[in-house]
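1. just coords:
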C-alpha cells in the first residue's frame, strides 16, 4: 500500500507517515476487538459455533483430521463469499459490539440503571 | 465526517494531517485515495494473503498452547511483555521460545494475541513489512509495536486530562512517554518509507498497474471490519 502511494508521486515523508499510522490505528484495534467479541459470542452460543464449523467444512471440502495448512489452502476468496453464515455471524458481532463507540454507549447504560 | 480543530489539536502529534484529523479538501483527497487503493485487485489479493498467513500463525500458536496446556492471553493487556521488554530487552525472542522459561508462571502468559495478529497483518498491508510480533522474532518490530500502543494510550488520555498542554510543555508524565514513543515510531516508519522510495526509484521494479478493477469488492470478511471505521 505504501509503495502504491509512492507510485502516485507522493514523496512527502511526513504525509506518508501520517497515512500509514492512521491506517494501522484504524485496522489494528477495531479488528482485534471485534475478533475477541466474535470468539466470545461463539463460545457462548455453541450451536452457532457448530454451524460455522459445519459451513466451513462444507464449503472447503476438507477431510476430517486434515491439518490447518490444508484447510488454509482451501480458503479462497471464492469460498469465503460462499460462507454466508460466517459473514452473518460477523455482522451480528459488529451489531452487538460495535468496536468504536462502545465506550460511550456503556456510559449511558450505567447512567440509566442508576 | 467533520473532525474540527479540537480533535486536530489533540491528535495531530500522533496522526499528523491524516484522514482522522483533517477536514475539507485534504480529507476528500485522502478519502478518495484510500478507497481507490482498497478497490484494486492487487491490494485485495495482497491483503488476503497477509491476513491468511497471520491467521495461520495465530492458529498454530493457539493449538500449541492447547496441546501443551499453556495459558494464553487473547485480548487483555497486562503489561507483562513490557516488563520482559524493559528488563531483558534483547532476550524477548529467547523468552518466547524457551519452554523452560514458559513454565515460569509469569512468563507463561502470551500477550494480546489478537492485537498482535491484526497489527502484523495491517503493517504487512500498509508498510509491506512483517513485524512478527506474534512470535517476537523481530526486535525493531516489537519496539515499534510497544511504542505504538503507548503512544495511542497517551493520546487518548489527552481527552481526559485538561492539563495535557502543560504536561507536554514540561515533558512530564504521559506526555513524556508519548514523546519518547513517537520518536521510536517515527524512526521506524521513516526508515521504511525511505527504503521504499529508494526501491521504487530503481528502474527494474515495475509493478503491474493494469490490475485495477473498477468494482469495489469486499476485501475479506474480517478485513472489512477495519475499513468500516474509515467510511
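-> Yep, that arrived. Quantities reported herein were computed from a predicted structural model and do not represent experimental measurements. Numbering: from 1, shown residues only, chains lettered A, B, ... in the order given.

2. any weak-confidence spans in chain B?
-> Confidence mapping of chain B against pLDDT under 70 gives the ranges B:1-3, B:75-111, B:202-231.

3. What about residue 31, how many residues nearby?
-> Let's take chain A. Look at residue A:31: counted by other C-beta atoms under 10 Å in any protein chain shown, it has 27 neighbours. For glycine as for every other residue, the C-beta is placed from the backbone atoms N, C-alpha and C.

4. hm, I was asking about chain B
-> A count of neighbours around residue B:31, defined by other C-beta under 10 Å, yields 14.

5. What helix or strand is it located in?
-> helix B:24-38 (DSSP states H and E).

6. if you skip the residues just before and after it, what's nearest to residue B:148?
-> Using C-beta to C-beta, 6 or more residues apart in numbering or on different chains and skipping residues adjacent in sequence, the residue nearest residue B:148 is residue B:185, 5.9 Å away.

7. Could you do residue A:37 as well?
-> That would be residue A:97: by C-beta to C-beta, 6+ apart, it lies 4.1 Å from residue A:37.

8. Hmm, residue A:34 and the one you found touching each other?
-> Yes: Residue A:97 is within contact range of residue A:34, at 7.1 Å (criterion: C-beta atoms under 8 Å).

9. rewinding a little: residue contacts, the residue nearest to residue B:148?
-> Residues in contact with residue B:185 (C-beta atoms under 8 Å, 6 or more residues apart in numbering or on different chains) are A:21, B:144, B:147-148, B:151.

10. related to what we said a few turns ago, remind me what the helix holding residue B:31 packs against, helices and strands.
-> Helix B:24-38 sits against helix A:2-7, with contacts defined as 3 or more C-beta pairs under 8 Å, 6 or more residues apart in numbering or on different chains; DSSP states H and E.

11. Give me the contact status of the helix it packs on with chain B.
-> Yes: counting by C-beta under 8 Å from any C-beta of the partner chain, chain B has neighbours in helix A:2-7: A:2-7.

12. Provide the contact partners of that helix at residue level.
-> Outside helix A:2-7, the residues that reach it (C-beta under 8 Å, 6+ apart) are A:16, A:19-20, B:33, B:37, B:40, B:43, B:126-128, B:192-193, B:196-197, B:199-200, B:207, B:209.

13. what's the burial count for residue 57?
-> I went with chain A, as the question did not name one. 13.

14. that's the other chain; I wanted chain B
-> Neighbours around residue B:57, by other C-beta under 10 Å: 18.

15. I'd guessed it sits against residue B:135; true?
-> Yes: using C-beta under 8 Å, residue B:57 is in contact with residue B:135, at 7.2 Å.

16. I'd like the average pLDDT over stretch A:4-24.
-> For stretch A:4-24, mean pLDDT rounds to 78.

17. Check the separation of the first and last residues in it.
-> Its first and final residues considered, stretch A:4-24 spans 16 Å by C-alpha to C-alpha, to the nearest Å.

18. one step back: want to try a markdown table for the residues of helix A:2-7 next to chain B, with neighbour count as columns?
-> Formatted as a markdown table, the residues of helix A:2-7 next to chain B follow (neighbours: other C-beta atoms under 10 Å in any protein chain shown):
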| residue | neighbour count |
| --- | --- |
| A:2 | 23 |
| A:3 | 16 |
| A:4 | 18 |
| A:5 | 20 |
| A:6 | 17 |
| A:7 | 12 |
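
19. Relative to residue B:28, which of those residues is nearest.
-> residue A:5 (16.2 Å; C-beta to C-beta).
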